[in-house]
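Participant: Build the 3D model from these lines:
(chains A, B, C and D)
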There are 2 protein chains.
Amino acid sequence: MVGRSARLASLAVLRIGTLNVNGIRAADRRGLRQWLAEHDPDVLTLQEVRAEPDLIPEGVFDGYHLSCDAGSLKGRNGVAVLSKAKPLDVRTSMGAKEFAAEGRWIEVDLPELTVASLYLPKGASPDDAERIEAYHRKMRYLPALARHLTKARRAAAKAGREFLVTGDFNIAHTENDLKNPKTNRRSPGFLAEEREWFSQILGPRTLTDVVRALHPDQAGPYSWWSWRGQAWTNDAGWRIDYQLASRALADAAVTGGTYRDPSYEARISDHAPVVVDYRV
Amino acid sequence: MVGRSARLASLAVLRIGTLNVNGIRAADRRGLRQWLAEHDPDVLTLQEVRAEPDLIPEGVFDGYHLSCDAGSLKGRNGVAVLSKAKPLDVRTSMGAKEFAAEGRWIEVDLPELTVASLYLPKGASPDDAERIEAYHRKMRYLPALARHLTKARRAAAKAGREFLVTGDFNIAHTENDLKNPKTNRRSPGFLAEEREWFSQILGPRTLTDVVRALHPDQAGPYSWWSWRGQAWTNDAGWRIDYQLASRALADAAVTGGTYRDPSYEARISDHAPVVVDYRV
DNA sequence: CTTATAAGG
DNA sequence: CCTTTTAAG
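Facilitator: Residues are numbered from 1 along each chain as shown, chains lettered A, B, ... in the order given. The predicted structure follows:
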């Protein structure tokens, strides 16, 4: 991933990024502002904003329109879409009443694109008796989301827009999507039922995992590393942040990957931004 | 206040310090360990340890006996006495049942000295309707403490020991004991009733404010500065941490004051150590 | 403004 | 291990 200055100005490229900020206030302290200035995406979707809009530090999002669903749980969840273009419409429901007002879904209509920011529940292991309800909640979220993705994609097509869902799915799809697949078979985020669900929402006529399509056979690029232990240093990461695009948009992707600064100091969050350039 | 290395080894001097650490774990991160190594007190009393003994970072108190009363409220209060000499007896009650198990009082018998560490409730302004109970609690604490001080001092005398009570009294005694007396007449810690109580526990035959006796007319030396605003930079402090000594011990004090490192970086806590050298 | 806590990740 | 909250200072 290179800075925008490296692109030829004459190429019309739409740069879209997604980032779980793990608290917008913490991410600002850790340099999100500088990252934004340097990489200058046209759209940046955020997850885990963890603040009402009026608690977002002054000036972080200068130059962008901010669409935000903070949800009703103080200091938790919260999704947003930053866009240089002015949104034509903003919707925050993904259909299921149980998950309304959780700050996990926002979709924004831009002139030729509907873009969504998703923060899917992390869930839990089915083996963890104490947290079994978190497992079941995620299992209820998945089919509800699948239904809404189909609906939203079709609605966008009908309106003549491409459709892009971005964000933190809290699921690594294949063995290439995490450093240690063997030891994580029973871990939330790499359960068979989660991976099957993920396979099911993808397809040539539905949604394409853009970064994987650009890098079909490599391990990663990971987008999340636990804060604990040496996960970052050892690149013991997971690819759980995605851009899933409708056909024509996916085909327009020219470069894409995870922005992982080599210096620990530049770590904005436990997630790294996933950025794709689309030639439009 | 100079490092121990500056003293002649042939002078028999007992160095006693008191410090509200505002969390022993934070104070360790901020350099308490180095301060201890450099200043090498024979006794250091602590307040606001805010941790059970087994949560105290490994090795901070190497070379000292640790006597501790963490109290029953997790992460709150907690007093301790570090001593190079082995304690002969340790007591943690100051008589009032209401304030037992709060982690606000510990007294330790050393061979010729009983030394106590006190963390007196901060209280509140009588004008603050929401916190009026905190005001009343402090008002109940004061007479109970006064009674116990008399008792403990007499018991020490009977056992042939000097008596020293150290710690955070959360009261500035006179106008010389805080930077802004005019604007703090209604502030907890400088209320008339608190200051009168303080006057009443002092006396030539009872207890002497050692640092004030060494520096009778100066403003300060302050021992606490709010974290907020520019209090530290402007030296807008309060002298609320004391060493109150029985007659002979007070007369043995040779130097004493507040250790305030000029560099902000060296600030161990919102309080500074109050250190006195006693020629014994 | 800082320290703890608790729950959540 | 980090971020939030809440309470306390």
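Participant: The stretch 1-150 of chain A: strands as residue ranges?
Facilitator: For the stretch 1-150 of chain A, the strands defined by DSSP state E, counting those that start in this stretch cover A:13-20, A:43-47, A:65-69, A:79-83, A:89-91, A:105-110, A:113-119.
Participant: do the fourth one and DNA strand D meet at all?
Facilitator: What it means is strand A:79-83. No - Strand A:79-83 stays clear of DNA strand D (C-beta under 7 Å from any atom of the strand), getting no nearer than 13.5 Å. Every C-beta, even on glycine, is put in place using the N, C-alpha and C of the backbone.
Participant: how about that strand: buried residues?
Facilitator: Within strand A:79-83, the residues that count as buried by 16 or more other C-beta atoms under 10 Å in any protein chain shown are A:79-83.
Participant: and which of those residues is nearest to DNA strand D?
Facilitator: Lowest distance from DNA strand D to the buried residues of strand A:79-83 (C-beta to the nearest atom of the strand) belongs to A:Ala80, with 13.5 Å.
Participant: The closest one and A:Tyr64 touch, don't they?
Facilitator: No - assessed by C-beta atoms under 8 Å, A:Ala80 is found out of contact with A:Tyr64, at 9.6 Å.
Participant: how far away is A:Trp238 from A:Pro57?
Facilitator: 28 Å (C-beta to C-beta, to the nearest Å).
Participant: So these two - more neighbours on which side?
Facilitator: Between A:Trp238 and A:Pro57, counted using other C-beta atoms under 10 Å in any protein chain shown, A:Trp238 has the larger neighbour count: 25 against 14.
Participant: Excluding sequence neighbours, find me the nearest residue to that one.
Facilitator: Counting by C-beta to C-beta, 6 or more residues apart in numbering or on different chains, A:Trp238 lies nearest to A:Leu178, which is 4.4 Å off, once chain neighbours are set aside.
Participant: Neighbours of the one you found, how many?
Facilitator: 24.
Participant: for the one 5 residues further on, same thing?
Facilitator: The criterion is other C-beta under 10 Å. On that basis, A:Thr183 has 10 neighbouring residues.
Participant: cool, A:Ala231 as well?
Facilitator: Using other C-beta under 10 Å: A:Ala231 sits among 18 other residues.
Participant: Which residues are in contact with the closest residue to it other than its chain neighbours?
Facilitator: With C-beta to C-beta, 6+ apart as the criterion, A:Ala231 has its nearest non-adjacent residue at 4.4 Å, and that residue is A:Trp225. Applying C-beta atoms under 8 Å, 6 or more residues apart in numbering or on different chains, we find A:Trp225 in contact with A:231-232, A:235-238, A:270.
Participant: can you do 6 Å?
Facilitator: A:231-232, A:237 (C-beta atoms under 6 Å, 6 or more residues apart in numbering or on different chains).
Participant: May I see those residues organised as TSV, with pLDDT and secondary structure added?
Facilitator: Below are the contacts of A:Trp225 laid out as TSV (pLDDT from 0 to 100; DSSP: H, G, I helix; E, B strand; the rest coil):
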residue	pLDDT	secondary structure
A:Ala231	90	coil
A:Trp232	89	coil
A:Gly237	93	coil
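Participant: got the residues of the stretch 51-200 of chain A near DNA strand C?
Facilitator: A:76, A:121-122, A:134, A:170.
Participant: hmm, try it at 6 Å
Facilitator: A:121-122, A:134 (C-beta under 6 Å from any atom of the strand).
Participant: Quickly compare the strands of the stretch 1-150 of chain A and say which is most buried.
Facilitator: strand A:43-47 (a mean of 29; mean count of other C-beta atoms under 10 Å in any protein chain shown).
Participant: Excluding its own residues, what touches that one? List them.
Facilitator: Here strand A:43-47 has contacts from A:16-21, A:79-83, A:115, A:117, A:119, A:166-168, using C-beta under 6 Å, 6+ apart.
Participant: Direction included, what does it pair up with?
Facilitator: Paired strands of strand A:43-47, with direction, are strand A:13-20 (parallel), strand A:79-83 (antiparallel) (DSSP bridges).
Participant: gap between the last one and the chain center?
Facilitator: For strand A:79-83, the distance from its own C-alpha centre to the chain's C-alpha centre is 11 Å (C-alpha atoms, centre = their mean, to the nearest Å).
Participant: Give me the residues contacting it.
Facilitator: Residues contacting strand A:79-83 (C-beta under 6 Å, 6+ apart): A:43-47, A:49, A:61, A:64-69, A:103, A:106, A:108, A:110, A:117, A:119.
Participant: now the angle from the helix or strand where A:Gly167 lies to strand A:13-20?
Facilitator: Under the criterion of DSSP states H and E, A:Gly167 resides in strand A:162-168. Counting by axes from the mean of the first three to the mean of the last three C-alpha atoms, to 10 degrees, strand A:162-168 lies at 30 degrees to strand A:13-20.
Participant: Isn't A:Ala252 up against A:Asp277?
Facilitator: No - judged on C-beta atoms under 6 Å, A:Ala252 makes no contact with A:Asp277 at a distance of 9.1 Å.
Participant: Comparing those two, which residue is more hemmed in?
Facilitator: Set A:Ala252 next to A:Asp277 and count neighbours by other C-beta under 10 Å: A:Asp277 wins out with 22 against 17.
Participant: Assumed that one was part of a helix.
Facilitator: No - counting by DSSP: H, G, I helix; E, B strand; the rest coil, A:Asp277 falls outside a helix, being strand.
Participant: filter the contacts of A:Trp225 down to the ones close to DNA strand D.
Facilitator: Within these, nothing lies near DNA strand D by C-beta under 6 Å from any atom of the strand.
Participant: Output those as CSV; include the columns distance to DNA strand C.
Facilitator: CSV is the format used below for the contacts of A:Trp225 (distance: C-beta to the nearest atom of the strand, whole Å):
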residue, distance to DNA strand C
A:Ala231, 11
A:Trp232, 12
A:Gly237, 14
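Participant: Closest one of those to A:Pro204?
Facilitator: Of all these, A:Pro204 sits closest to A:Gly237, with 27.8 Å by C-beta to C-beta.
Participant: Once you drop chain neighbours, what's closest to the closest one?
Facilitator: A:Tyr222 (2.8 Å).
Participant: The residue nearest to A:Trp238 touches A:Ala172, doesn't it?
Facilitator: Yes - the pair A:Leu178 / A:Ala172 is scored as a contact, 4.3 Å apart, by C-beta under 6 Å.
Participant: Return every residue with contacts to both of the two.
Facilitator: Joint contacts of A:Leu178 and A:Ala172 (C-beta under 6 Å, 6+ apart) are A:Trp238.
Participant: For DNA strand C, what's the nearest residue on chain A?
Facilitator: A:Lys122 (3.2 Å).
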